[in-house]
Every structure is written in C-alpha cells, then in structure tokens.
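Q: Provide a 3D model corresponding to the input given below.
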Amino acid sequence: MEIKDRIIALLIDSDNISSDYFSIILDELSQYGKVTYRRLYGDFTNRKANGWKQALLDYSIEQIQQVAFTRGKNATDSKMIIDAMDILYQGKVDCFCLATSDSDFTNLAMRFRNDNMIVIGAGEKKTPTSFRLACDRFIPIDELLAAAESKQQKPAKKAKGKTAERPAENGEEAKKQRLTAIAKNILLSNAGLDGWMHFAAFMNEIYRKENDFNPKLYGYSNPSSVFKNLEQGGKKAFTLELVGGAAKIKLN
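A: Sure thing, here's the model as predicted:
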C-alpha cells in the first residue's frame, strides 16, 4: 500500500522516546503527508522528561502533562490512548504515528487499522514484534540515527596489511542478503511471464513483509537505488528499467 498525502497525528510517549529522535521522526513522516497534531505525553515533573524542553520550543510540540496517580502504574500510556481515541472520533486525520517502544500500544494500533486508519510506528530496535507488526510502517529510529551519524563521520584511513572485517560490516552484509532473498521470492511469485514486475507493486510486497524497510539504512535516499545496487555472488541481483513508461524490476 502506497502511503502519501495523509493527515497525520503524531503522538509521542516521552517515557520511551528520547528527544534525540524527533527530527528523524518528523523527516520520515514528511514523505507520508502533513503532520497536524504533535503531542508529547509524560510526567514533566520527572527529570527524565527534561531532555524534551528544547524540542518543545523548536518544533512547536504540544506538551500533555500526566502525573502518575499510583506508583508503578503508567498513567502516560492511558492518557495517550484516551487522547488518540478522541482524535480518531473527531475524524480530522487519516493516519496515526505512535512514537513508542512499548508493546502496550499494540491493541491501539490494531484498533486504528480496524477503522481503516494508516498506522505508523516509530521506536527503537528493542520494540516488541507485536507492536511492529500491528503497524503499516515502522520507523527504526535508533538505526536511522546511527546511519545518519555514520554518514557524517569521515572515512577512516585504511590500515596497511590484512585486517579483519568489522562486526558492523558483517551485520550490514547479512541485512543486505536477507533483503535480497525476500526480494527474489517476491519476484519469483509475482513477476509476469516476461520476468518483469511493476516496481510500485513490488515495493508494496516489500513493505508487507518488511514494514521497517528504509533505504537510508542501506546508504541510499530512495528504494530504487537500493535494489539497483544489491549484489549476490559478486553480480547485480536485479535490473530496474522503464518498461512501457512504467518503472519495473526483474531478477538478473
């Protein structure tokens, strides 16, 4: 499903999301539509939430204060869920972004999807699978921040002689091979008799199987560049071309 030109309500759980990630979340949401509601939930008498002070001013975020009535109980979650349902019934948005790494919001995401709302999750790598899968898209904020910081760093000088491959490089290669395998299976199942598949339909299937796919995690700004450059056995795994005026992809 292509997601664009949406009216988005962004609700942030400050108990689970750091202000360091806000610009990344906002940048990612810009490709899906216009963010109208920007609400941050938490107990701002707690020092943990102080890191959001500057972001509140810089990005015009509405601060929703929620004091914990009972020790050990998460009042922030309850307030965020109640507000989310109020926004839903007002009928002014058609997409929600729930910024949290908490599985407690899984049922809320499923409830929205039952009402044909688009749900985008934004959380760290630790976010439980249940919440990730309840969303149409998932924004892996810590991985995107790490990728952005890595891109800004100057490349280190190559050491003389043979050096061992770094664990990070091994992880990146494994990620590419996994994506290549998923893409190949999609094409084998859905390509036409001529081997070509419309790239838009192909990407719908990619997001259905990997809803946290993001080209920035592979060093590119758009999906087509990712698949043009994926390799297997030292050769390009896919070909992307304009066929009959439409972008299409096929296996090599």
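Q: Spell out the residue ranges of the strands in this protein.
A: 6-13, 33-42, 62-65, 95-99, 118-123, 137-140, 197-198, 231-232, 235-236, 238-243, 246-251 (DSSP state E).
Q: can you put the ones you listed in JSON lines and add distance to Met85 and mean pLDDT?
A: For glycine as for every other residue, the C-beta is placed from the backbone atoms N, C-alpha and C. Shown next, in JSON lines, are the strands of the chain (distance: least, Cβ to Cβ, whole Å; pLDDT from 0 to 100):
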{"stretch": "strand 6-13", "distance to Met85": "11", "mean pLDDT": "96"}
{"stretch": "strand 33-42", "distance to Met85": "13", "mean pLDDT": "94"}
{"stretch": "strand 62-65", "distance to Met85": "14", "mean pLDDT": "88"}
{"stretch": "strand 95-99", "distance to Met85": "11", "mean pLDDT": "97"}
{"stretch": "strand 118-123", "distance to Met85": "14", "mean pLDDT": "97"}
{"stretch": "strand 137-140", "distance to Met85": "21", "mean pLDDT": "96"}
{"stretch": "strand 197-198", "distance to Met85": "37", "mean pLDDT": "96"}
{"stretch": "strand 231-232", "distance to Met85": "47", "mean pLDDT": "90"}
{"stretch": "strand 235-236", "distance to Met85": "48", "mean pLDDT": "94"}
{"stretch": "strand 238-243", "distance to Met85": "43", "mean pLDDT": "92"}
{"stretch": "strand 246-251", "distance to Met85": "39", "mean pLDDT": "95"}
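Q: Pass me the low-pLDDT residue ranges in the stretch 101-250 of the chain, would you?
A: For the stretch 101-250 of the chain, the stretches with pLDDT under 70 are 154-169.
Q: Just put the strands of the chain in a markdown table and tack on distance to Arg178.
A: Output for the strands of the chain, formatted as a markdown table (distance: least, Cβ to Cβ, whole Å):
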| stretch | distance to Arg178 |
| --- | --- |
| strand 6-13 | 29 |
| strand 33-42 | 29 |
| strand 62-65 | 39 |
| strand 95-99 | 26 |
| strand 118-123 | 20 |
| strand 137-140 | 14 |
| strand 197-198 | 20 |
| strand 231-232 | 12 |
| strand 235-236 | 17 |
| strand 238-243 | 15 |
| strand 246-251 | 17 |
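Q: wait, which of those is closest to Glu149?
A: Closest approach to Glu149 among these (Cβ to Cβ): strand 137-140, 14.2 Å.
Q: Quick check: can you name the pairing partners of that closest one and their directions?
A: strand 118-123 (parallel) (DSSP bridges).
Q: from the chain's centre, how far out does the partner strand sit?
A: Centroid displacement of strand 118-123 relative to its chain, using Cα atoms, centre = their mean, to the nearest Å, is 7 Å.
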